[in-house]
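Visitor: Pasted the sequence and its predicted model underneath.
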Amino acid sequence: MRRLKILTWHVHGSYLYYLSHLPHDFYLPIKPGRPEGYGGRSGNFAWPENVHNVPADLVRDLDLDLVLFQSTKNYVLDQFEILSPAQRERPAIYLEHNTPRPSPTDSHHPVVDPRTLLIHCSYFNAMMWDNGRTPTRVIPHGVSVPAELHWSGDLDRGIVVVNGLHRRGRLAGLDVFLDLRQQHPLDLAGMDSVRYGGLGDLPLRSLQETETHYRFFFNPIRYTSMPLAVIEAMALGLPIVALATTELPRSAPHGEAGIVSNNRDELIEGMGHLRRDLDFAKRLGTRAREIARETFGIERFIGNWNAAFRQAGVEE
């Protein structure tokens, strides 16, 4: 496929970072003060040269091949503010990052347009949303971790990586984290994690280096899309402990790549087993790494996205 010029917004930094591994140019609109969606090349990421900041008032001058929406606001407001009429006629994709809300089964997706391709990040999400007549495709996450990083598990603790855990509350499992932290030592990383004595919002490379020392990765989240942080931990070789919700049972099979259960006692006992038995942790972590490479490899991710661009109508 030829190199494309794609306009998108900075909505989820981690996903955008992996999206930037595609061999295309991504243009991110920016505004003074960096309001929602207009942060550009921000966050703790080593942005490659194919990611470009462009002042929002100059977006109309771009010769674009495709527009990639990543939020309802992008779709219902932002495009009419910063895109020209001709640009709004270009091929369009809406990337849905989230599980359906307010209802997990009866929420209608805001995009109702047979000309726009709707992409979900997991098969669970695609099944649960009411997608109506909009053409839909699933592209599972893709990650890439430094080859030189290897899990050791020498730190007899679990690590949790959730951004804004306090703000997101029960949905993100704040109560679960606080409960199980009383049973086993758990360290929290991510935005606003210092509120709970955590490690803070670490740069991606530093976070991954830190994770390799922890015995296991714990995901307390009840109801979100498949977390990239879980996949990154799997790719590093960490065994996973998580609630058996959304896409987790498929992505990190219980007893194979980790302890994945909705039984509180089983989670607690699983953490204890991982802490007591390093060989057990290594066996599960090795399988987690294999699954991450097989299912969430970056080359597969790139191929899926290029196929989606063709489906959306981009001329080759």
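Guide: Great, that's in hand.
Visitor: With adjacent residues omitted, what lies nearest to the residue nearest the centre of the chain?
Guide: When CA atoms, centre = their mean is applied to the chain, the residue found nearest the centroid is Leu228 (3.7 Å). The shortest distance from Leu228 to any non-neighbouring residue, by CB to CB, 6 or more residues apart in numbering, is to Ser14 (4.7 Å). Where C-beta positions appear, they are placed from N, C-alpha and C, glycine not excepted.
Visitor: quick one: the strands in the protein?
Guide: Using DSSP state E, the strands of the chain run over residues 5-8, 25-30, 51-55, 66-69, 92-96, 116-120, 136-138, 155-161, 186-189, 214-219, 240-242, 258-260.
Visitor: how about those in CSV, adding distance to Pro102?
Guide: Listed next are the strands of the chain as CSV, based on distance: least, CB to CB, whole Å:
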stretch, distance to Pro102
strand 5-8, 26
strand 25-30, 29
strand 51-55, 34
strand 66-69, 21
strand 92-96, 15
strand 116-120, 18
strand 136-138, 21
strand 155-161, 26
strand 186-189, 27
strand 214-219, 23
strand 240-242, 24
strand 258-260, 26
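Visitor: could you dump those to CSV with mean pLDDT and mean neighbour count?
Guide: Formatted as CSV, the strands of the chain follow (pLDDT from 0 to 100; neighbours: other CB atoms under 10 Å):
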stretch, mean pLDDT, mean neighbour count
strand 5-8, 98, 22
strand 25-30, 98, 22
strand 51-55, 98, 16
strand 66-69, 98, 24
strand 92-96, 98, 23
strand 116-120, 98, 23
strand 136-138, 98, 16
strand 155-161, 98, 21
strand 186-189, 98, 22
strand 214-219, 98, 28
strand 240-242, 98, 28
strand 258-260, 98, 26
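Visitor: right, so of those strands, which gets closest to Ala292?
Guide: Of all the strands of the chain, it is strand 240-242 that lies closest to Ala292, at 10.0 Å by CB to CB.
Visitor: domains in the chain, as residue ranges please.
Guide: Per automatic domain parsing, the structural domains of the chain span 5-142+298-312, 155-295.
Visitor: so which of those is the most packed in?
Guide: domain 155-295 (a mean of 19; mean count of other CB atoms under 10 Å).
Visitor: Start and end of that domain, how far apart?
Guide: One end of domain 155-295 to the other measures 28 Å (CA to CA, to the nearest Å).
Visitor: 38 is where my numbering starts, stick with that
Guide: Got it, first residue is 38 now, which makes that one domain 192-332.
Visitor: any low-confidence regions in the protein?
Guide: For the chain, no stretch has pLDDT under 70.
Visitor: quick one, helices of it?
Guide: Using DSSP state H, the helices of the chain run over 50-56, 109-110, 116-119, 160-165, 202-205, 211-218, 241-248, 265-273, 285-288, 301-313, 315-332, 335-349.
Visitor: and Arg97, which of these is closest to it?
Guide: Between Arg97 and the helices of the chain, the tightest spacing by CB to CB is seen for helix 116-119, at 7.0 Å.
Visitor: same for that closest one, what does it pack against?
Guide: Using 3 or more CB pairs under 8 Å, 6 or more residues apart in numbering; DSSP states H and E as the contact test, no helix or strand touches helix 116-119.
Visitor: Could you tell me how far it lies from the centre of the chain?
Guide: Offset of helix 116-119 from its chain centre (CA atoms, centre = their mean, to the nearest Å): 26 Å.
Visitor: ok, now stretch 138-146?
Guide: In terms of CA atoms, centre = their mean, the centre of stretch 138-146 is set 20 Å apart from its chain centre.
Visitor: measure that stretch end to end?
Guide: End-to-end span of stretch 138-146 (CA to CA): 9 Å.
Visitor: residues contacting Asn341?
Guide: Listed by CB atoms under 8 Å, 6 or more residues apart in numbering, the contact partners of Asn341 are Ile176, Pro177, Gly179.
Visitor: And it, how far from Pro177?
Guide: 8 Å (CB to CB, to the nearest Å).
Visitor: circling back to that earlier point, between the helices of the chain, which one is nearest to Leu192?
Guide: Leu192 lies closest, by CB to CB, to one member of the helices of the chain: helix 241-248, at 9.1 Å.
Visitor: Could you list the residues in contact with that closest one?
Guide: Outside of helix 241-248, the residues within contact range by CB under 8 Å, 6+ apart are 51, 54, 81-83, 182-183, 186, 188, 196, 198, 226, 236, 239, 254, 269-270, 273, 275.
Visitor: Correct me if wrong: Pro177 contacts Ser159.
Guide: Yes: contact status for Pro177 versus Ser159: in contact at 6.4 Å, counting by CB atoms under 8 Å.
Visitor: Identify the contacts common to those two.
Guide: Met263.
Visitor: Can you tell me, leaving aside adjacent residues, what's nearest to Arg252?
Guide: Nearest in space to Arg252, with sequence neighbours left out and distances taken as CB to CB, 6+ apart, is Gly190 at 4.8 Å.
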